[in-house]
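> Kindly generate the corresponding structure for this input.
(chains A and B)
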Amino acid sequence: MSETFKVRVNQLPVIEVPADGSQSLLEALEAAGIETRYHCRTGFCGACRSKLHEGEVEYVNDPLAYIRPGEVLPCICIAKSDLILDH
Amino acid sequence: MRYSTFNQTNANPLGEPMFFGNPVNVARYDQQRHSIFEKLIEKQLSFFWRPEEVDVSRDRVDFQAMTDSEKHIFISNLKYQTLLDSVQGRSPNIAFLPIVSLPELETWIETWSFSETIHSRSYTHILRNLFSDPGKVFDDIVMNDQICRRATDISRYYDDLIFHTQLWQTHGEGDITIDDVTYHVTVRELKKKLFLCMNSVNALEAIRFYVSFACTFAFAEREMMEGNSKIIRLIARDENLHLTSTQHILNLWQYGDDDPEMKEIAEELREEALEIFTSAVEQEKQWAAYLFENGSMIGLNKEILCQYVEYIANLRMQAIGLDPQYNQTSNPLPWMNKYLVSDNVQVAPQEAEISSYLVGQIDSEVSAGDFGDFDL
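Sure, this is the predicted structure:
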């Protein structure tokens, strides 16, 4: 059993996402059956912009969309800890 | 303050605001106040494409098979997009270049406008293929009531900013009377006009294209007009990037440390900015009603299109710090996303999943039997 992080999105039941960075956060949400918002999936349009309440993410690509403090772009980041977010 | 094409004041570009500081002199990118604009330029350049690279020849057959109401939808959308890109291919240059103060932003504006001219050229490419004489379609753009109504609203903020900038650059601040009308020109008033204009451009890039995009991709879902759809995907990818730039500018004013006066103005004109956005949404809904006045098309109708406009408007409003105004929180057209994913956009026909190419391709299957009479 590989390691996972616990992610709570929009106060839905907690889901588990792989901790090895094999999926972007957006892909992990999709795999868990959560309805996602996205367009470009490469970090420039900002359509997937989400609010991160708790936890840490790491960007695998340079985000081009404007990110205000507390916001993340799930399409180009991976979870680095357990997370609580609004998507 | 007269514009100079090479301002000899030795200003430090790192200390300048985005607009209404010193005019740019040296086009240098070794140091940047807002490095995001340099990144956007690089992204836009990496997106470069030419309309002629996309084969639209099969679309003519599809177009002839369309019902009259579908033809109306298709052609009206092309006319509207032609209007939008005609405006966008020149206006950022004319309105923003005379007042911009950062080299990276100046070059971004030029790169942005240039990419809109490619869009304009692609509409001619599409229409030439559908009609032996596309002239009538273009001629109608300035005569069609529905299009003209939108043109007025889109161009007025630009025109207002351009006119007052011209007054300021020729006469300086103060009351200026021309043809018995007195204009009160101050830099603060100009900044207000800039703020409203940028909000109007942001709404254009965020909302105005999407009714048309949805119709195009709805045709593509039925495997119709796929050449056209491929071009529109490239356009949509560019427009998403342009939208990011206007979102950056609006956010840098509000939350960044760009220009304290712009921050005050953004606060002061918040209601007007919201009004610009919501009226763009209403106009797009009216456009959807006009498109479907002769009947709808398979997979799309006025109601669902209006829901999509509201859904996307909510996202776009949050992106510039406005509160979402609509109840539509889920995506009523989930298939739209796959056409808006940047990775799926490919120009070369052999890389794409378009059936017009697959139909014409050489059979590449080789079985062992094909080598039966082969001797060395």
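
> those strands in chain A, which residues are they?
A:4-9, A:15-18, A:50-54, A:57-59, A:71-72, A:77-79, A:83-86 (DSSP state E).

> In TSV: those, plus distance to chain B.
(Glycine included, C-beta is placed from N, CA and C.) As requested, these are exported to TSV (distance: least, CB to the nearest CB, whole Å):
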stretch	distance to chain B
strand A:4-9	14
strand A:15-18	19
strand A:50-54	10
strand A:57-59	14
strand A:71-72	10
strand A:77-79	16
strand A:83-86	11
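
> mind putting the ones you listed in JSON lines, distance to B:Arg150 and mean pLDDT included?
Listed next are these as JSON lines, based on distance: least, CB to CB, whole Å; pLDDT from 0 to 100:
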{"stretch": "strand A:4-9", "distance to B:Arg150": "38", "mean pLDDT": "95"}
{"stretch": "strand A:15-18", "distance to B:Arg150": "44", "mean pLDDT": "94"}
{"stretch": "strand A:50-54", "distance to B:Arg150": "33", "mean pLDDT": "96"}
{"stretch": "strand A:57-59", "distance to B:Arg150": "39", "mean pLDDT": "96"}
{"stretch": "strand A:71-72", "distance to B:Arg150": "32", "mean pLDDT": "96"}
{"stretch": "strand A:77-79", "distance to B:Arg150": "38", "mean pLDDT": "96"}
{"stretch": "strand A:83-86", "distance to B:Arg150": "35", "mean pLDDT": "96"}
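
> Just put the ones you listed in JSON lines and tack on mean neighbour count and distance to B:Leu315.
What follows is the strands of chain A, written out as JSON lines (neighbours: other CB atoms under 10 Å in any protein chain shown; distance: least, CB to CB, whole Å):
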{"stretch": "strand A:4-9", "mean neighbour count": "18", "distance to B:Leu315": "17"}
{"stretch": "strand A:15-18", "mean neighbour count": "18", "distance to B:Leu315": "23"}
{"stretch": "strand A:50-54", "mean neighbour count": "16", "distance to B:Leu315": "11"}
{"stretch": "strand A:57-59", "mean neighbour count": "15", "distance to B:Leu315": "20"}
{"stretch": "strand A:71-72", "mean neighbour count": "20", "distance to B:Leu315": "13"}
{"stretch": "strand A:77-79", "mean neighbour count": "23", "distance to B:Leu315": "18"}
{"stretch": "strand A:83-86", "mean neighbour count": "19", "distance to B:Leu315": "13"}
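
> would you list these in JSON lines and tack on distance to B:Tyr339?
Formatted as JSON lines, the strands of chain A follow (distance: least, CB to CB, whole Å):
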{"stretch": "strand A:4-9", "distance to B:Tyr339": "25"}
{"stretch": "strand A:15-18", "distance to B:Tyr339": "27"}
{"stretch": "strand A:50-54", "distance to B:Tyr339": "22"}
{"stretch": "strand A:57-59", "distance to B:Tyr339": "26"}
{"stretch": "strand A:71-72", "distance to B:Tyr339": "25"}
{"stretch": "strand A:77-79", "distance to B:Tyr339": "24"}
{"stretch": "strand A:83-86", "distance to B:Tyr339": "26"}
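
> closest one to B:Ile126 among these?
strand A:50-54 (36.6 Å; CB to CB).

> chain center to that closest one, what's the gap?
Put simply, strand A:50-54 sits 9 Å off its chain's centre (CA atoms, centre = their mean, to the nearest Å).

> and it, what does it pack onto?
strand A:71-72, strand A:83-86 (3 or more CB pairs under 8 Å, 6 or more residues apart in numbering or on different chains; DSSP states H and E).

> Among those strands, which comes closest to B:Ser91?
Closest to B:Ser91 of the helices and strands packed on strand A:50-54, according to CB to CB: strand A:71-72, at 30.1 Å.

> Which strands or helices does the closest one pack on?
Looks like strand A:71-72 contacts strand A:50-54 (3+ CB pairs under 8 Å, 6+ apart).

> Just the residues contacting the strand it packs on, thanks.
A:Gly70, A:Glu71, A:Val72, A:Leu73, A:Pro74, A:Asp82, A:Leu83, A:Ile84, A:Leu85, A:Asp86, A:His87 (CB atoms under 8 Å, 6 or more residues apart in numbering or on different chains).
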